[in-house]
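# model this:
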Amino acid sequence: MTNDARGVNTDAVKEATATGRSRALGLVFPPAGDRYTGMQLDFVGRVAEAAQAYDYDVLLTTGREVSDAPFQRILAGHRVDGLILMEIRLADARAVHLTELGFPFVAIGQSGLENTWWVDLDWVALGRACVRQLADLGHRRIAFVNRSEQLFRAGYESAHRGLEGFNQGVAELGLTGHAYLCGDDAASGERCLERILLEDPATTALVTLNEASLGGVYRGLTRAGRVVPRDFSVVGLSAGPWAESVIPPLTAVDEPVGEICQAAVELLMERLDTRCAAPRQVMLRPLISIRSSTGRCRSVPGAEF
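The predicted structure follows:
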């Protein structure tokens, strides 16, 4: 590597000029709500680390819609060589637009388009696995805490596929299950838990896809006199390192953030190096890590099963 007096990597500059590459990747990642969650920030860091191994920088931008200015800016002026697209929806206009442009991208999630490059978790299988985990502990009445109504109506892929897996698991095992939409904050989580126990006091467990509301769910259980895991069990459909930091630590499918981000960057680099390569997809099915938020089902005082 050759640096000039200013510390500029002149070899990289010459290569970029010769190949027409910017040596930068774009990460299109709108925050879940008003701000990025801890898990989302983990994704950002892991993508940057994976790209650095290829001597690429990462530009982070938001952009839920094609018309959003941040999304349009990152496509303009050859600022990046390719994009990693996140917060995928079942019918994602951004993916359609990029496909029509022929702009290289890899989605973290399945947009429903054929012949696209993506890496994703098998949300349906994971939803079923969470239900089975609770059923094996004797729980028969289970709730599902999903993402917000706004994100669900927008077609967020994980919210729909996770719910599909939950419903399949409940039906296959002959359980009683109710699903709830919940805002991405603790106050919404507490209100959602209150509603769950109001509508079905005999509920003894829940599966949650909503990390941002978990603190409120726990707080609501405490206010209701339900001790986790003695009286109530909680399983996370997807969780990051924070699952170990909450009290009690959350039994959850540990989302392999590093593996997902590494796969996304590798796929994008492969696509940039071999423009005519057939699209590839990576589907991951991580296991549930058992911690302290789940236990054997006990009868609920005053509730009829």
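# among the helices and strands of the chain, which has the poorest mean pLDDT?
helix 10-19 (a mean of 43; mean pLDDT, DSSP states H and E).
# show me what the following helix or strand past that helix is packed against.
Along the chain past helix 10-19, the next helix or strand (assigned with DSSP states H and E) turns out to be strand 24-28. In this structure, strand 24-28 makes packing contacts with helix 38-52, strand 57-61, helix 69-75, strand 82-85, judged by 3 or more CB pairs under 8 Å, 6 or more residues apart in numbering; DSSP states H and E. For the C-beta atoms, the positions are set from N, CA and C on the backbone; glycine is no exception.
# wait, what's in contact with the closest residue to residue 197 other than its chain neighbours?
Closest residue to residue 197 apart from its sequence neighbours, by CB to CB, 6 or more residues apart in numbering: residue 224 at 5.6 Å. Contacts for residue 224 (CB atoms under 8 Å, 6 or more residues apart in numbering) come out as 193-194, 197.
# show the buried residues in these.
Neighbour-count burial (16 or more other CB atoms under 10 Å) is assigned, among the contacts of residue 224, to 193, 197.
# just the ones of the contacts of residue 224 in helices?
Judged by DSSP state H, those include 193-194, 197 as members of helices.
# now stretch 221-233: average pLDDT?
Averaged over stretch 221-233, pLDDT sits at 97.
# centre of the chain to that stretch, how far?
The gap between where stretch 221-233 is centred and where its chain is centred comes out at 27 Å by CA atoms, centre = their mean, to the nearest Å.
# same question for stretch 190-200.
On CA atoms, centre = their mean, the centre of stretch 190-200 falls 24 Å from the chain's centre.
# and for stretch 280-297?
Remark: stretch 280-297 is offset 14 Å from the chain centroid, using CA atoms, centre = their mean.
# pull out the buried residues from it.
Across stretch 280-297, burial judged by 16+ other CB under 10 Å covers 282, 286, 288, 291, 293-295, 297.
# now these in JSON lines, with distance to residue 218, secondary structure and pLDDT?
JSON lines is the format used below for the buried residues of stretch 280-297 (distance: CB to CB, whole Å; DSSP: H, G, I helix; E, B strand; the rest coil; pLDDT from 0 to 100):
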{"residue": "282", "distance to residue 218": "33", "secondary structure": "strand", "pLDDT": "96"}
{"residue": "286", "distance to residue 218": "23", "secondary structure": "coil", "pLDDT": "95"}
{"residue": "288", "distance to residue 218": "19", "secondary structure": "strand", "pLDDT": "96"}
{"residue": "291", "distance to residue 218": "13", "secondary structure": "coil", "pLDDT": "97"}
{"residue": "293", "distance to residue 218": "9", "secondary structure": "coil", "pLDDT": "98"}
{"residue": "294", "distance to residue 218": "13", "secondary structure": "coil", "pLDDT": "98"}
{"residue": "295", "distance to residue 218": "15", "secondary structure": "coil", "pLDDT": "98"}
{"residue": "297", "distance to residue 218": "19", "secondary structure": "coil", "pLDDT": "97"}
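# and which of the residues you listed is nearest residue 148?
Proximity of the buried residues of stretch 280-297 to residue 148, judged by CB to CB, is greatest for residue 293, which lies at 22.4 Å.
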